[in-house]
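Novice: Below: sequence and its predicted model.
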Amino acid sequence: MIKVEKLHKQYGGLNAVNHISFHVAEREKLVLLGTSGCGKTTTLKMINRLIEPTSGTIEINGKNVNHLNPTDLRRQIGYVIQNIGLFPHYTVEENIAVLPHLLQWNKPKIKNAVATIMERLQLPYDLYANKYPAQLSGGQQQRVGLGRALIAEPAVILMDEPFGALDPVTRATVRNEFLQMEEIQKKTAIVVTHDIQEAFEIGDRICFMDQGKIQQIGTAKEFIFHPANDFVRDFIKDQQFYLLLKSLTLNDIIHFLPQAIKKDEGMVIPLTESLYHVLDKMTSRGEDHTGWDTKNRINRQINFSSILGAIAQFKTHQSG
Amino acid sequence: MDNLQLFIDFVTLQSDKLLEQIIEHIGLTLISLFLAVVIGAPLGIFITRTKKAASWVIGVTSVFQTIPSIALLGFMIPLLGIGSEPAILALFLYALLPIVRNTFIGIEEVDSTITESAFGVGMSQFQVLTKVEIPLALPVIFGGIRTAAVINVGVATLASYIGAGGLGEFIFGGIALNNTPMILAGAIPAALLALFFDGSLAVLQRLPVQKLKWVAGIMLISCAFATAYYFWPVQQQRLKAGFEPEFMGRKDGYPNLKQVYGLDLKTVIVGPALMYKALDEHEVDVISGYSTDGRIKAMNLRVLEDDLESFPPYFVSALIRSDIITAYPEVKTALDMLSGKIDDAAMTAMNYQVDFEKKSPRDVATAFLKRLNLYKMQQGTSGSTITIGSKIFSEQYILAEMFSLMIEGNTPHKVILKNGLGGTKICFNALLAGEIDIYPEYSGTGLQVIIQPTDYVVKQLQGDKEKLFKYVANQFKLKYQIEWLPPLGFNNTYALMMREPQAANLGINSISELKSSL
Ligand SMILES: Nc1ncnc2c1ncn2[C@@H]1O[C@H](COP(=O)(O)OP(=O)(O)OP(=O)(O)O)[C@@H](O)[C@H]1O
Ligand SMILES: [Mg+2]
């Protein structure tokens, strides 16, 4: 869907983005992760041509973006800017409806679309449609920004720190709601963040950058079990255990879990569930469960010690 | 109370004229402002796109703003003549800077994340400008327009100096004629206009952008109408007269001329400093000057013979406060030596030397005194300081220098000159207030501008310049404790003048012939 080849951007003597290449498949969510100033925003803006690259090519659906009219290109790509960037002289409704107006949709259609997207984003239309950005909280503004990017149903969305203005608790909630949204699941997205947990939460794959270069690109598991270099290893070190629990599912460790003594006892947990989730559930509902899936009718003993043991074995198996 | 009554009487009597001036004033301000917005705002926007041009454009518009208004109006005469066009151009140039600069700053200050997100959603350059940048910069742009409006209402008063009318006619006429109600009749509406423009722009500013478009449309159309009205070719008379405000208003000036000759010229009011220039540039054909003016010879002008004796001749002498005479009688003695020493020819020649040969007034005065053996070296500076003033034309400069040389040569006092004081009223008030001690004045001006007697008295004095001088001298001593020293000798009277070739062409030698040529 999106193909980036040897993309390069130079500012004076600084290589803000240094010959990077990656692909994003249809419906895939790629996260650009890295510390401040590593070139994430620059990369994103080159994709919708807010910045012209020094060299390199970008293709979307097989078309070189340089051969497209920038305005038309941008109208087909949802873009959530790093600092929200709502229009202060427009109401919430007018902000969200900017692109439909540019595309000259008829009025009922615009209103309908705005109301729908606002409900999805938990901004009741009647309460918020006529407010101005200055009257909203940071998180509400951010949701309006999302609404503006999503309203015209672009196939591709670029999001630069879409949850940056939120406190950690709201951030997690909004993010989860966001990931549940059908509009999002259908889309090909590149999401920028400098938060590792968020990156692992959102991304099918993660592109980890430093000083304009890609250090590693891959899935969460690849990052944990096969870090490309010491720099990557260092970067994720503090969060290792959390990331492990988040990225492993019951399925991954199923062979290392002991057989259940009695069949069909306790709770049924789908094997696709992350270990983090499983442990989370056990904390609230008590230990001793059976894990199984409907196809294979596998029964396994699931409690804190069995899981931790299985993880240890899985890790030695991976490195061995 | 009395003054208020005078003011009300004046306004009632002159309400037609006042209304006309207000309309002219609004017209001048609005049209120039409109042009400045139509050109300045796009220019301001343009320089946000080409930063290199920005400092250049803002620099040039700033330069316009630093040119003194009268000078700018003077520069306009060779380019556009006199009347509304040069006035509007000058006002336009003044209004340009605040509008260009504020548009530039307003747009520059729009948060870059906002413009970036506008580009990001897919707005074109033009859409970003019209939907985001301009609306967000509007308060700042409006601030510039309001500043320009207020500046223009003020500067538009000066438009009356180049025959463009407006409330300046009352203000400067009032100053020239020492007529306070007249000054106020011009100044108060001008101040109210400034407040009105500022206020209504402030109201406009608060309108939502949608409505603003309508208002802008209406403004555009009404300004187009106003422009058309202004520049509609009016039936031109063959000869056009440019008179200064004092001549227009003084009883012994144009009003008397009209009465005596039945003359009805198409007149425009022109500032005294710009009148000769306007004649020279063929902008007007007849002007009001003084019979001794050096520019008559310098510019090759023909003085029309006053065959029906409409302009009475007047004496010239030094006006001096009585307390100065008491304290320093030697000053009076020194100046009295000039009594009767300057005849018409001598004064005209001296004016010519200054106006045309560009000699300094001091050199001309010194040479003259040397010829009469009145010149003495400065005695010293042990005495007090005497301040001498003069009005803003050559003859006054020369006389002031001459007084100064006489005092410094014959007394121990030293003299400070305060030259170029605007007009009669300014000189006279400065004398009364002790800002100056002496200045040259004309008996007719003393009578008509300062004393302002009844028609009966004027009739009594008419035709007898000695009697008139005595009357004026007595009145001044009684009312103001100011004395007229014995006349210097030459007569000075108003005179109508034309360019020599044109006058010869039309065969006009006298005012009667001027009348019959119309
Ligand atoms: N217009 C510019 N001119 C010069 N240097 C720039 C410009 N824009 C960005 N840079 C530099 O390029 C580098 C990458 O910037 P970029 O905005 O892409 O960082 P980022 O990864 O998005 O950082 P953050 O997480 O802080 O948003 C930085 O070192 C920045 O200083
Ligand atoms: Mg960034």
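Specialist: Received, thanks. Numbering: from 1, shown residues only, chains lettered A, B, ... in the order given. Ligands and ions are numbered 1, 2, ... in the order given.

Novice: In this structure residue A:1 contacts residue A:24, no?
Specialist: Yes: counting by Cβ atoms under 8 Å, residue A:1 sits close enough to residue A:24 to count as a contact (5.6 Å). C-betas here are computed from N, CA, C, even on glycine.

Novice: out of those two, which sits in the more crowded spot?
Specialist: The residue with more neighbours, out of residue A:1 and residue A:24, is residue A:24; 21 against 16, by other Cβ atoms under 10 Å in any protein chain shown.

Novice: what's the overlap in contacts for residue A:1 and residue A:24?
Specialist: residue A:188 (Cβ atoms under 8 Å, 6 or more residues apart in numbering or on different chains).

Novice: now do the same end-to-end measure for stretch B:281-301.
Specialist: 13 Å (Cα to Cα, to the nearest Å).

Novice: and what of stretch A:90-98?
Specialist: End-to-end for stretch A:90-98, by Cα to Cα: 9 Å.

Novice: Quick one: mean pLDDT over whatever helix or strand residue B:192 lives in.
Specialist: Counting by DSSP states H and E, the element that carries residue B:192 is helix B:180-206. Taken as a whole, helix B:180-206 carries a mean pLDDT of 90.

Novice: now for it, which elements pack on it?
Specialist: Secondary-structure packing of helix B:180-206 (3 or more Cβ pairs under 8 Å, 6 or more residues apart in numbering or on different chains; DSSP states H and E): helix B:2-13, helix B:15-49, helix B:134-156, helix B:168-176.

Novice: Buried residues, that helix. List them.
Specialist: B:180-187, B:189-190, B:193-194, B:197, B:201, B:204 (16 or more other Cβ atoms under 10 Å in any protein chain shown).

Novice: List the residues that contact the closest residue to residue B:219 other than its chain neighbours.
Specialist: Spatially, and ignoring its direct neighbours in sequence, residue B:219 is nearest to residue B:34 (6.9 Å; Cβ to Cβ, 6 or more residues apart in numbering or on different chains). Applying Cβ under 8 Å, 6+ apart to residue B:34 gives the contacts B:219, B:220, B:223.

Novice: Indicate the residue of the stretch 301-450 of chain B located nearest to chain A.
Specialist: Residue of the stretch 301-450 of chain B nearest chain A, by Cβ to the nearest Cβ: residue B:422 (49.7 Å).

Novice: burial of that residue, as a residue count?
Specialist: 15.

Novice: for the record, mean pLDDT for whichever helix or strand residue B:324 is part of?
Specialist: Using DSSP H and E, residue B:324 falls within helix B:322-327. Mean per-residue pLDDT for helix B:322-327: 94.

Novice: Also stretch B:52-59?
Specialist: Mean predicted confidence for stretch B:52-59 is 87.

Novice: which stretches of the chain have low pLDDT?
Specialist: Unless you meant another one, I'm taking chain A. Filtered on pLDDT under 70, chain A yields the residue ranges A:261-267, A:286-298, A:320.

Novice: wrong one, I was asking about chain B
Specialist: Using pLDDT under 70, chain B drops low at B:1, B:227-237.

Novice: quick one, strands of it?
Specialist: B:240-243, B:266-269, B:286-290, B:301-303, B:314-321, B:385-391, B:414-421, B:438-442, B:482-484, B:491-492, B:494-499 (DSSP state E).

Novice: Partner strands of the first one and their direction?
Specialist: Note on strand B:240-243: by DSSP bridges, its sheet partners are strand B:266-269 (parallel), strand B:286-290 (parallel).

Novice: tell me how far the last one is from the chain's mean position?
Specialist: Spelled out, that is strand B:286-290. Here the centre of strand B:286-290 is set off from its chain's centre by 15 Å, with Cα atoms, centre = their mean, to the nearest Å.

Novice: CA atoms of that strand as CSV?
Specialist: Written as CSV, here are the backbone C-alpha positions of strand B:286-290 (Å, rounded to 0.1, in the frame of the first residue of the first chain):
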residue,chain,number,x,y,z
VAL,B,286,-5.7,83.8,-11.0
ILE,B,287,-4.3,84.1,-7.5
SER,B,288,-4.4,86.6,-4.7
GLY,B,289,-1.0,87.9,-3.7
TYR,B,290,0.6,91.1,-2.3
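
Novice: Which positions in it come out as buried?
Specialist: Using 16+ other Cβ under 10 Å as the test for burial, strand B:286-290 gives B:286, B:287, B:288, B:289, B:290.

Novice: For those, please prepare TSV with the additional fields distance to residue B:310.
Specialist: Output for the buried residues of strand B:286-290, formatted as TSV (distance: Cβ to Cβ, whole Å):
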residue	distance to residue B:310
B:286	14
B:287	16
B:288	11
B:289	15
B:290	15
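
Novice: closest to chain A among those?
Specialist: Taking the buried residues of strand B:286-290 together and measuring to chain A by Cβ to the nearest Cβ, the closest member is residue B:287, at 56.5 Å.

Novice: coming back round to it: most tightly surrounded among the helices and strands packed on helix B:180-206?
Specialist: Among those, helix B:168-176 has the highest mean neighbour count (mean count of other Cβ atoms under 10 Å in any protein chain shown), at a mean of 25.

Novice: Please name every helix or strand in contact with that helix.
Specialist: By 3+ Cβ pairs under 8 Å, 6+ apart, helix B:168-176 packs against helix B:15-49, helix B:180-206, helix B:245-249, helix B:424-432.

Novice: looking at these, which is closest to ligand 2?
Specialist: In terms of Cβ to the ion, the element of the helices and strands packed on helix B:168-176 nearest to ligand 2 is helix B:15-49, at 25.1 Å.

Novice: that older thread, what sits against the residue of the stretch 301-450 of chain B closest to chain A?
Specialist: So residue B:422 contacts B:175, B:391, B:392 (Cβ under 8 Å, 6+ apart).

Novice: Quick check on it: phi, psi?
Specialist: Per-residue torsions, residue B:422: phi -40, psi -50 (degrees, to the nearest 10).

Novice: What of residue A:17?
Specialist: phi -130, psi 130.

Novice: same question, residue A:315
Specialist: phi -60, psi -40.

Novice: that older thread, now the helix holding residue B:324: how far from the chain's centre is it?
Specialist: Centre to centre, stretch against its chain (Cα atoms, centre = their mean), the figure for helix B:322-327 is 34 Å.

Novice: Could you tell me which other helices and strands it packs against?
Specialist: With 3+ Cβ pairs under 8 Å, 6+ apart as the test, helix B:322-327 has helix B:329-336, strand B:482-484 packed against it.

Novice: Can you say which of these is nearest to residue B:512?
Specialist: Closest of the helices and strands packed on helix B:322-327 to residue B:512 is strand B:482-484, at 33.6 Å (criterion: Cβ to Cβ).

Novice: So which elements touch the closest one?
Specialist: Using 3+ Cβ pairs under 8 Å, 6+ apart: strand B:482-484 touches strand B:314-321, helix B:322-327, helix B:465-480.

Novice: Please repeat the previous calculation with a cut-off of 6 Å.
Specialist: With contacts taken as 3 or more Cβ pairs under 6 Å, 6 or more residues apart in numbering or on different chains; DSSP states H and E, strand B:482-484 sits against strand B:314-321, helix B:465-480.

Novice: got a markdown table for the ones you listed, with distance to ligand 1 and mean neighbour count too?
Specialist: As requested, the helices and strands packed on strand B:482-484 are exported to a markdown table (distance: least, Cβ to the nearest ligand atom, whole Å; neighbours: other Cβ atoms under 10 Å in any protein chain shown):
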| stretch | distance to ligand 1 | mean neighbour count |
| --- | --- | --- |
| strand B:314-321 | 73 | 24 |
| helix B:465-480 | 74 | 16 |
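
Novice: Go ahead and confirm residue B:348 touches residue B:292.
Specialist: Yes: using Cβ atoms under 6 Å, residue B:348 is in contact with residue B:292, at 4.9 Å.

Novice: okay, those two: which has more neighbours?
Specialist: In this view residue B:348 and residue B:292 are compared by other Cβ under 10 Å, and residue B:292 has more residues nearby, 24 against 19.
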